[in-house]
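Peer 1: structure of the sequence below:
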Amino acid sequence: MFNKDTYIQRRKQLRKDMQSGILLFPGNMEAACNYRANTYAFRQDSNFLYFFGLNHADYVGVIDVDNDQDWLFANDIDMDDIIWMGYLPSVKELASRVGVEHTADHKSLHEFIAKAMASGRKIHFCDPYRADTSMQMAALLDISPEAVKQQKSDSLIKAIIKQRAIKTGEEIVEIEKAINTAYKMHTTAMRMCNEGVYEYEIAGTMEGIALAGGGPVSFPVILSMHGETLHNHDHSQKLQKGRLVVADAGCETSMNYCSDITRTTPVGRKFSERQKEIYEAVLAANMLGIESTKPGTSYRDIHLKACLKLAEGLKNAGLMKGNLEDAVMQGAHALFMPHGLGHMMGLDVHDMENLGEMFVGYTDDLERSKQFGLAFLRMGRKLEPGFVLTVEPGCYFIPALIDLWKGEGKFKDYLNYDRIETYKDFGGIRIEDDVLVTETSGRVLGKAIPKTVNEIENLA
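Peer 2: Okay, here's the model as predicted:
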């Protein structure tokens, strides 16, 4: 964890922004896998980590704004816990490490919240994303689980996002640690992209590197020759010559900060001319997205610039035609890139997404588009120094989508369907980097991971 002053200052700022009430932060509980004693790997709630720093299950943090107090509620371990899990410091000792003076057990938490509610005090909390947390909150607040979502605090959500969106220097250090481990993951995967190798061999090796680097993967590894399926978690195929492998993977540090990198590698590490042409179009969009990243610029505008750059490459390949600016504004390019350019990243790989994409990626004066493709842009707001985000354009040849649009005669003025038909066996390409918004521009974080055609083909 960071120095305890970091957590003290974070909670102090939140009290200042919220002004009054009780701020409730339930940490995560253990989750059973296939029977009660066999649990999934524990992952702490990111808001709890940000303000209270402790990576232990069954803790609840409370910030009492009116009385200027911080609390941690948890039960101390007993002898059975020590026998099976080993000794752990007391709740009070752990609380002192993050600057929290007041501690009590779970039973006392119910009494604390009941007393606050009886006196008419406002209880602020975020919308839970886990069923067990919803049940816990419902019991604490004496409401139905369905009502928990309805009573979430938008003011608390906005105050949290205000802080967590701006990454400090010590947070950037952690993110770069995760990216440097991802460097090993992706360069190893590139070297393994040979004919006859199974996808699961590569995916498993990548996950092992993440664990050896001090943390798990930040999301299940996406690795497939069928890169036209954007989130493809099936790793059952044997690599074949002439195919491309999309590997989208990252890891967490021991402090749970994330990386999220995508690279696309030809089997045998030699691009065909057809592959190279499309790859260069995606790379040009990636580079333009990074170059355009700077404070005050709308990420929606950067997304559209990158899409236009991709469309130019596709027109050169004979896949698009006509006025490309009109094509992009109308969404014709989304046949090839139906997703957004990127998203926030930090303690979550899609940072703060549980708080609501509209709160994180948009503002009151920026409405999210309903247009196919642009509607999937998670991040549209103006950039600020300290934001960390992904830049991840892609190009995918999705047979079902091609058939649908062709059958509807959609965007015939911009799409060369006869040519597109010959690419149905192509798969997909995505290139993704993690970028810090500085005071003047964007900086790609971490050790540079090979991404040009020459770098990939000549990786030793």
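Peer 1: now do the SS call for Leu96.
Peer 2: Wrong residue type there; residue 96 is Ser, not Leu. When classified by DSSP: H, G, I helix; E, B strand; the rest coil, Ser96 comes out as helix.
Peer 1: contact partners for the residue lying closest to it once chain neighbours are set aside?
Peer 2: Leaving out its chain neighbours, the residue that sits closest to Ser96 by CB to CB, 6 or more residues apart in numbering is Lys4, at 7.8 Å. No exception for glycine: its C-beta is placed from N, CA and C like everyone else's. Contact analysis of Lys4 by CB atoms under 8 Å, 6 or more residues apart in numbering lists Gly53, Ser96, Arg97, Val98, Gly99.
Peer 1: so which of the residues you listed comes closest to Ser144?
Peer 2: Ser144 has its nearest neighbour among the contacts of Lys4 in Gly53, at 32.0 Å by CB to CB.
Peer 1: any idea how far Glu201 is from the closest one?
Peer 2: 37 Å (CB to CB, to the nearest Å).
Peer 1: re earlier: looking at the contacts of Lys4, which is nearest Leu377?
Peer 2: The closest of the contacts of Lys4 to Leu377 turns out to be Gly53 (CB to CB; 32.4 Å).
Peer 1: what distance do you get for that closest one to Tyr59?
Peer 2: Using CB to CB, Gly53 is found at 10 Å from Tyr59.
Peer 1: more neighbours, these two?
Peer 2: Legend: neighbour count by other CB atoms under 10 Å for Gly53 and Tyr59, higher for Tyr59 (25 against 22).
Peer 1: surely the more buried one and Asp45 touch.
Peer 2: No - with contact defined as CB atoms under 8 Å, Tyr59 does not reach Asp45; the gap is 9.4 Å.
Peer 1: got any residues that touch both of those two?
Peer 2: Common neighbours of Tyr59 and Asp45, counting by CB under 8 Å, 6+ apart, are Gly27.
Peer 1: what does stretch 233-245 rub up against?
Peer 2: By CB under 8 Å, 6+ apart, the residues outside stretch 233-245 that reach it are 189, 193-200, 202-204, 220-227, 264-268, 272, 275, 426-429.
Peer 1: kindly recompute the last result at 6 Å.
Peer 2: Contact partners of stretch 233-245, identified using CB atoms under 6 Å, 6 or more residues apart in numbering, comprise 193, 195, 197-200, 203, 220, 223, 225, 264-268, 427.
Peer 1: tell me where the stretch 301-450 of the chain has helices.
Peer 2: For the stretch 301-450 of the chain, the helices defined by DSSP state H, counting those that start in this stretch occupy 324-330, 357-361, 399-408, 417-421.
Peer 1: return the members of the contacts of Lys4 classed as buried.
Peer 2: Buried members of the contacts of Lys4, scored by 16 or more other CB atoms under 10 Å, are Gly53, Val98, Gly99.
Peer 1: correct me, but the first one touches Val98?
Peer 2: Meaning Gly53. Yes - if you go by CB atoms under 6 Å, Gly53 and Val98 touch, sitting 4.3 Å apart.
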